[in-house]
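*Asks:* how would this look folded up:
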Amino acid sequence: MAAVASILNSLKNGDELPMNVVNYMYENGGFLLFLNFPEGSEFGIDYKSWKTGEKFKGLKMIPPGVHFVYCSIRGMPRIGFFHTFKSGDILVKKWDRQKEDFCDEVVTEDDIKEKRNQLKSLDSNLAPYPYENYRSWYALTDFVTPTTVERVQPLKGRITAQAELVSLETKVMENKELRIEGAGSNRVDRDHPVRTRFVDQNGLPIMQIREGYEIRFQDIPQLRADMARIGIEHSDRLNSLLRQFGEDWKQLLAELQIAFVCFLIGQVFEGFEQWKRLIHLLCCCPNSLGARSEMFLAFVRVLFFQLKECPSDFFVDIVSRDNFLTTTLSMFFANVRDSAHAPENLKRKSAQFKAYLTRQFKWDFECND
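*Replies:* Numbers count the residues shown, from 1 in each chain. You can find the predicted model right below:
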């Protein structure tokens, strides 16, 4: 398997899969049966999507590991899910035309055996995994593990670009034990003759994502009032966040990667917001550059591939709108350059990354503030 993985990672666009690898992946890859999906709709996995034909019933030869499957009909927002495919795994989903949503097909062990016996007859209805894009996908998700997926994936099992929203008032009525700090009381009694409605400063209902549909990103420690005098040094917040990850910095970077995928491919704006929050935090910890240099070296690499792989017309215009990335990275590059503790390899990689971004996107990192 190690030799096969090496071949898969070395593939470039346009490369054909060697026949021995094709045979190996057919026997050892995963299968996704996606039944009853409408013809002419968008269906995708990882970094590739297609318009489906009338015979489409799923995918074959999916490499073991974490993948993101998504779909959209009639131009509607994408809905998708992360799944960790094991060797020989058969996952069955069924499209519900009435609800315009997918659901898990209830299958027993006997059903799986039967479907495995049917794979040969279904072969012409199953699209092969797009190996020409596997290298890009791996570069975007190499820190993401099954643990990351289990922790982050919504409890309802789907990630949607069209959030399932409910008013805060409805949410409180559905869960009377819910307490929202500063939101007021929802109880009607002698002391509260008029029910308090949950509205914002413009008088509009406060909306929240319906329970079970939230992407369960890690909460980032808030900036304390006494941190104002520290300026851009937020290592205390970083250390607190890392403790939530069990001191595993690779899981922090995995969250950075999965948030980016949720935005870039899932088209979920909350992924973009979490991605921004994590980048800002990591760029503002000059006192940690020495002690956590391995993490910051990996951070530079993760960000390099994210900006390298994303289509400029979809992403760069968005991040350029408020210029957060150039401003935040300016602080990071200056912190690394001026640090007495950052190792030379981090300084070199940081300078190379800065030169690449300046050349590729014409961004100016020479800020005086």
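*Asks:* Strands along the stretch 101-250 of the chain, start to end?
*Replies:* Using DSSP state E, counting those that start in this stretch, the strands of the stretch 101-250 of the chain run over 101-104, 126-128, 159-160, 165-167, 207-209.
*Asks:* which of those has the lowest average pLDDT?
*Replies:* Set side by side, the strands of the stretch 101-250 of the chain give their lowest mean pLDDT on strand 165-167, at a mean of 52.
*Asks:* for the strand or helix carrying W50, which positions count as buried?
*Replies:* If you go by DSSP states H and E, W50 is part of strand 48-51. Across strand 48-51, burial judged by 16 or more other CB atoms under 10 Å covers 48-49. Yep, even glycine has a C-beta here, placed from its N, CA and C like the rest.
*Asks:* Ok, stretch 104-118 next?
*Replies:* For stretch 104-118, the neighbour count (16+ other CB under 10 Å) marks K115 as buried.
*Asks:* Just give me the residue closest to the centre of this protein.
*Replies:* When CA atoms, centre = their mean is applied to the chain, the residue found nearest the centroid is I258 (2.7 Å).
*Asks:* Verify the contact between that one and V152 for me.
*Replies:* Yes. With contact defined as CB atoms under 8 Å, I258 reaches V152; the gap is 5.6 Å.
*Asks:* what is in contact with these two at once?
*Replies:* When contacts are counted by CB atoms under 8 Å, 6 or more residues apart in numbering, I258 and V152 are jointly contacted by F82.
*Asks:* Just the residues contacting the strand holding W50, thanks.
*Replies:* Contacts of strand 48-51 (CB under 8 Å, 6+ apart): 40-44, 70, 127, 130, 132-133.
*Asks:* Which of the helices and strands in the chain ranks last by mean pLDDT?
*Replies:* Within the chain, no helix or strand scores below strand 165-167, which has a mean of 52 by mean pLDDT, DSSP states H and E.
*Asks:* need the helices for the stretch 51-200 of the chain, in chain order.
*Replies:* Applying DSSP state H, counting those that start in this stretch to the stretch 51-200 of the chain gives helices spanning 109-122, 134-141, 146-152, 168-174.
*Asks:* now the stretch 1-150 of the chain, which segments are flagged as low pLDDT?
*Replies:* Across the stretch 1-150 of the chain, the ranges flagged by pLDDT under 70 are 1-15.
*Asks:* what about 80?
*Replies:* The model of the stretch 1-150 of the chain has pLDDT under 80 over residues 1-18, 105-109, 111-112.
*Asks:* just the stretch 151-300 of the chain next, same as before
*Replies:* Looking at the stretch 151-300 of the chain by pLDDT under 80, you get 161-212, 223-232.
*Asks:* which one is F143 nearest to, not counting chain neighbours?
*Replies:* Excluding the flanking residues, the one nearest F143 by CB to CB, 6 or more residues apart in numbering is A254, at 4.1 Å.
*Asks:* so that neighbour sits right up against E150, yeah?
*Replies:* No. With contact defined as CB under 8 Å, A254 does not reach E150; the gap is 11.6 Å.
*Asks:* Give me the more crowded residue out of those two.
*Replies:* The neighbour count for A254 versus E150, taken as other CB atoms under 10 Å, is higher for A254 (24 against 11).
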